[in-house]
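[1] Sequence and predicted structure are below.
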Number of protein chains: 2
Amino acid sequence: MIFSKDSRATSWVESANDSQYPIQNLPYGVFSNSGSSPRVGVALGDQVVDLCALHEAGLFSETSVGSENVFANDALNDFMAMGVEAWRSVRRQLVALLIAERTTDACDVAIEPNTTLREDAGLREKALVTRANVQMHLPSRVGNFVDFYSSKEHATNIGSMFRDPSNPLLPNWVHIPIGYNGRSSSVVVSGTDIVRPSGQTKADAAESPTFGPCRLLDIELEIGFLTGPANKLGSPIPADKAADHLFGMVLVNDWSARDIQKWEYVPLGPFLGKSFATSVSPWVVSLDALAPFRVAQPKQDPPVLPYLRTDGDWGFDIDLRVHLKTATMSEGDTICRTNFKYMYWTIAQQLIHQASNGTNVEPGDLYGSGTVSGPTPDSYGSLIELCWKGTKPIKLSSGEERKFLADGDTVILSGCCHAPNYQVGFGKVCGTVTPAR
Amino acid sequence: MIFSKDSRATSWVESANDSQYPIQNLPYGVFSNSGSSPRVGVALGDQVVDLCALHEAGLFSETSVGSENVFANDALNDFMAMGVEAWRSVRRQLVALLIAERTTDACDVAIEPNTTLREDAGLREKALVTRANVQMHLPSRVGNFVDFYSSKEHATNIGSMFRDPSNPLLPNWVHIPIGYNGRSSSVVVSGTDIVRPSGQTKADAAESPTFGPCRLLDIELEIGFLTGPANKLGSPIPADKAADHLFGMVLVNDWSARDIQKWEYVPLGPFLGKSFATSVSPWVVSLDALAPFRVAQPKQDPPVLPYLRTDGDWGFDIDLRVHLKTATMSEGDTICRTNFKYMYWTIAQQLIHQASNGTNVEPGDLYGSGTVSGPTPDSYGSLIELCWKGTKPIKLSSGEERKFLADGDTVILSGCCHAPNYQVGFGKVCGTVTPAR
């Protein structure tokens, strides 16, 4: 169920209209309230629609999710494993149940309202939960977390700072969506405090390393995709099947300890400089909700090898922001405005490459894009770029300055797609830095 | 329950005595037979002792595993999560049930036989399963897989070949147990065929990369440890608590595509060159079974930072072998003999370092040692070292030569600890290379 970009469809749940979670969005998440078990819902305006309750009421009996309640679950993995037909049939039914009046999808197929929920006060009472009162959980059990490095601007900035400004990209970068395996156990949901990590660091002038709290704590603004059905170990995913394995996207803050990373990362890559925490937003925006915001990806030159060639547009026009609030600030400042459309390597290419050696993707895996940086200095998605390796401190409206994060700082990443008459929002992912233990 | 190194204890299950799986070993694994559900057992001679059946018979009621049958499970994770007191109480009870006659442990505490199983033919029928007839499964659901690089000899060999023979170790190597996150989904149990991976490679003289089957397929002989109880995210594991989180060890073959790895690995480390498959042996040898084989680790110079300092001996005297059998050979050749005692960084230091930034370890995680190489050319644990980057092909008894693996080759890693009157064996981990798809 894909809406056109100029859709004017609205929901009878009035808070949905003009919100980041209108009828055109319907992102999936796992929530609980007042001591209840975690279960699957979708965000709609200031409400959460409880899919577990709708399933119990028999409202998914004509979809392809089956009679077992896949939404009575503390993670989306089982639903993700069902594949694109199940996802689409559920989305279509949700639109029918929640839409204000008859509408058409992007292919001009009519969608008739199903008034069952709207007209049943008892069911509404059960299935619509005030979003302000729920606790959100990780959307999936992340079995595998991979982090890419797919922004040409970011890789160029980092290469300029740490290697050679006249030749900042390594030769493999334009041929391979470079990535590495991250740590799954420390992927946490938005709102989780981030304990400042300790680790080994070595000052350039020092003879030996020391162990202590990280002094160069940074963020990375990323978007991550979560996977659907598995491929079999040993069987790559061909380019034309990538979409079958893509469930949806979330915001990711890939917290980074730059001083730990600098000392440890040769020759095997980032390890403890990254593994202490990775935060994700709780609402997973589906590929169908994002379809109206597809744009051409940047031209890839040199041309990529055939196994990485995909049809259609795989860029996504998603406005992204980084917001920093120190302990003394009541509001905080926006310190970065950028867009996901700048990414050189696409999510399809990341997935295809990851599986090209036969590695098996599993439902609920998280694949981070790498830092999203745009072309201008205010569009860089990490502090190390924004303050250019500490040489240009960020001046905040409170009069404070930041090169890297201080204890008590809160970082909020947000993302939103804008259509003429509606928005598809990612919400936000936030975290506050607490002192080292 | 730790046996002394000169123990002469035997089991009334006679095949145990003089085998790699005597009463002193009792390694844990997950098995199934003739269509039954996977469940937990221990290897004893040519038998598997079915712990699920023993639990059902009430024989663990006086241990600390509780009344719920933690062994009726397709993975060891729940038992691993119970911690060292539960592990020890189960081991003590198993020794009592399976031992031939009264004996004493390493602290001279008496162990009286419990004849319940021995004298109950019906229960013996249920609980003793012929090992040749069972199928082995992965011992744990591996949520997180980390691979270290802890052999000084291996790191020196690789540094000599690819960087600078006069200065092969990078400066951080003697201060940090260098490691990286690996891929969990492709950890497979011994016996799983290994499909030759395809990937991007670039010849030194070529202008551009190409995509195709890996030509430099290698192995890495490793030992891995599996973890017990979790630490809380943000709370490091102090050095004196490391042992509480160490459940046991397995053999690991970290299959490696050297040509893919070479082109992809800067700057973020190995990715698709490693992620296509990692094989582990099915039987997990406990730290208590390995206790008699502890030896001093190599002297660490310069001294390690205080957070990495541990008490006692953390080296393990484990003989290791690599066996290579081509498709034309009926027997195969031993191409490497080495020992785990050569490892510079210990499993305790690997665990402490991994958690030093607050990263949470989870029950059932796998931590590979990195290639185990000894001081002599016949003790190197990878083909790239054995054939010295292709310059010294390995001559096999069949008349064939190998630099790297050919389709149809089978690699078998084995490991064993030797006491005067018994052995504690790891069994083996094997895999056969099948053609690229």
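    Yep, it's here.
[2] Just checking, which helix or strand succeeds the helix or strand where residue A:122 lies along the chain?
    Element membership for residue A:122, per DSSP states H and E: helix A:121-127. Using DSSP H and E, the helix or strand that follows helix A:121-127 in sequence is strand A:128-130.
[3] That following strand: which residues count as buried?
    Within strand A:128-130, the residues that count as buried by 16 or more other CB atoms under 10 Å in any protein chain shown are A:128-129. All C-beta spots, glycine's among them, are computed from the backbone N, C-alpha and C.
[4] What distance do you get for the residue in chain A that chain B sits nearest to to residue B:182?
    Nearest residue of chain A to chain B: residue A:269, at 2.3 Å (CB to the nearest CB). According to CB to CB, to the nearest Å, residue A:269 and residue B:182 sit 11 Å apart.
[5] looking at it, residue A:147 is touching residue A:182, isn't it?
    Yes. Using CB atoms under 8 Å, residue A:147 is in contact with residue A:182, at 4.6 Å.
[6] Which residues are in contact with each of those two?
    A:254, A:274, A:278, A:368 (CB atoms under 8 Å, 6 or more residues apart in numbering or on different chains).
[7] Next, the contact list for the second one, please.
    Residue A:274 makes contact with A:147, A:182-183, A:254-257, A:261, according to CB under 8 Å, 6+ apart.
[8] ditto for the first one
    Contacts were defined as CB under 8 Å, 6+ apart; by that measure residue A:254 touches A:147, A:182, A:219-220, A:222, A:274, A:278, A:368, A:371.
[9] Turn the buried ones among the residues you listed into a named ChimeraX selection, would you?
    Buried members of the contacts of residue A:254, defined by 16+ other CB under 10 Å, are picked up in ChimeraX with:
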select /A:147,182,219,220,222,274,278,368,371
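[10] Columns pLDDT and secondary structure on top of the shared contacts of residue A:147 and residue A:182, output as JSON lines?
    Below are those laid out as JSON lines (pLDDT from 0 to 100; DSSP: H, G, I helix; E, B strand; the rest coil):
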{"residue": "A:254", "pLDDT": "98", "secondary structure": "coil"}
{"residue": "A:274", "pLDDT": "98", "secondary structure": "coil"}
{"residue": "A:278", "pLDDT": "98", "secondary structure": "strand"}
{"residue": "A:368", "pLDDT": "98", "secondary structure": "strand"}
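[11] and those as TSV, adding distance to residue A:122?
    Below are the shared contacts of residue A:147 and residue A:182 laid out as TSV (distance: CB to CB, whole Å):
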residue	distance to residue A:122
A:254	44
A:274	48
A:278	41
A:368	42
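[12] Taking the residues you listed, tell me the two that lie furthest apart.
    Farthest-apart pair in those is A:274 and A:368; separation 10.1 Å (CB to CB).
[13] Residues that sit against both of the two, list them.
    A:147, A:182, A:254.
[14] Show me the contacts of residue A:274 that map onto helices.
    Under the assignment DSSP state H, the contacts of residue A:274 contribute residue A:261 to helices.
[15] Return the closest of the contacts of residue A:274 with respect to residue B:283.
    residue A:183 (27.3 Å).
[16] what kind of secondary structure is the most centrally placed residue in chain A in?
    Central residue of chain A (CA atoms, centre = their mean): residue A:250, 2.0 Å from the mean position. Classification of residue A:250 by DSSP: H, G, I helix; E, B strand; the rest coil places it in strand.
[17] Could you chop chain A up by domain?
    Under the assignment automatic domain parsing, the domains of chain A span A:14-137, A:145-434.
[18] From the chain's centroid, how far away is the last one?
    The chain centroid and the centroid of domain A:145-434 are separated by 9 Å under CA atoms, centre = their mean, to the nearest Å.
[19] repeat for the shortest one
    In terms of CA atoms, centre = their mean, the gap separating the centre of domain A:14-137 from the centre of its chain is 20 Å.
[20] could you give me the average pLDDT of it?
    Averaged across domain A:14-137, the pLDDT comes to 97.
[21] near chain B, which residues of the stretch 251-400 of chain A?
    A:257, A:260, A:263-272, A:275-277, A:302, A:305-307, A:353-354, A:356-362, A:365 (CB under 8 Å from any CB of the partner chain).
[22] out of those, which are buried?
    A:257, A:260, A:263-265, A:267-272, A:275-277, A:305, A:307, A:353-354, A:356-362, A:365.
[23] Residue A:245 contacts residue A:360, correct?
    No. Look at residue A:245 against residue A:360 with CB under 8 Å: they stay out of range, at 10.8 Å.
[24] Any chance you could list residues touching both of those two?
    Each of residue A:231 lies in contact with both residue A:245 and residue A:360 under the rule CB under 8 Å, 6+ apart.
[25] out of everything not next to it in sequence, what's closest to residue A:152?
    In space, and not counting its chain neighbours, residue A:152 is closest to residue A:344: 4.2 Å by CB to CB, 6 or more residues apart in numbering or on different chains.
[26] Which residue is the nearest non-sequential neighbour of residue A:386?
    By the measure of CB to CB, 6+ apart, the closest residue to residue A:386 outside its immediate chain neighbours is residue A:380, 5.0 Å from it.
[27] List the contacts of the one you found.
    Here residue A:380 is in contact with A:153-154, A:157, A:336, A:338, A:371, A:373-374, A:386 (CB under 8 Å, 6+ apart).
[28] Can you lay out those residues as CSV showing secondary structure and pLDDT?
    As requested, these are arranged in CSV below (DSSP: H, G, I helix; E, B strand; the rest coil; pLDDT from 0 to 100):
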residue, secondary structure, pLDDT
A:153, helix, 97
A:154, helix, 97
A:157, helix, 97
A:336, strand, 98
A:338, strand, 98
A:371, coil, 98
A:373, coil, 98
A:374, coil, 97
A:386, helix, 98
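[29] what's the longest helix seen in chain A packed up against?
    Determined from DSSP H, the single longest helix within chain A is helix A:84-98. Identification of packing neighbours for helix A:84-98 by 3 or more CB pairs under 8 Å, 6 or more residues apart in numbering or on different chains; DSSP states H and E yields helix A:77-82, strand A:110-111, helix A:287-290.
[30] on that earlier part again, if you count neighbours, what's buried in the helix holding residue A:122?
    For helix A:121-127, the neighbour count (16+ other CB under 10 Å) marks A:123, A:127 as buried.
[31] Which residues does it contact?
    Contact with helix A:121-127 is made by A:49-50, A:53-54, A:57, A:116-118, as judged by CB under 8 Å, 6+ apart.
[32] Format those residues as CSV; extra columns: distance to chain B and neighbour count.
    Conversion of the contacts of helix A:121-127 to CSV gives the following (distance: CB to the nearest CB, whole Å; neighbours: other CB atoms under 10 Å in any protein chain shown):
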residue, distance to chain B, neighbour count
A:49, 31, 25
A:50, 29, 24
A:53, 31, 22
A:54, 31, 25
A:57, 34, 17
A:116, 40, 14
A:117, 38, 22
A:118, 42, 17
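[33] Give me the subset of those residues that lies in helices.
    Judged by DSSP H, helices contain the following of the contacts of helix A:121-127: A:53-54.
[34] mind listing which of the contacts of helix A:121-127 are in strands?
    A:49-50 (DSSP state E).
[35] for the contacts of helix A:121-127, which one is nearest residue A:323?
    Nearest to residue A:323 among the contacts of helix A:121-127 is residue A:49, at 27.6 Å by CB to CB.
[36] So what pairs up with that closest one in the strands?
    Beta-bridge partners of residue A:49, counted by DSSP bridges, are residue A:42, residue A:128.
[37] Would you quantify the distance from it to residue A:71?
    Counting by CB to CB, the gap from residue A:49 to residue A:71 is 10 Å.
[38] Common neighbours of these two, please.
    Joint contacts of residue A:49 and residue A:71 (CB under 8 Å, 6+ apart) are residue A:41.
[39] before we move on, the earlier item: pick the most buried one from the domains of chain A.
    Greatest average neighbour count among the domains of chain A goes to domain A:145-434 (a mean of 20), per mean count of other CB atoms under 10 Å in any protein chain shown.
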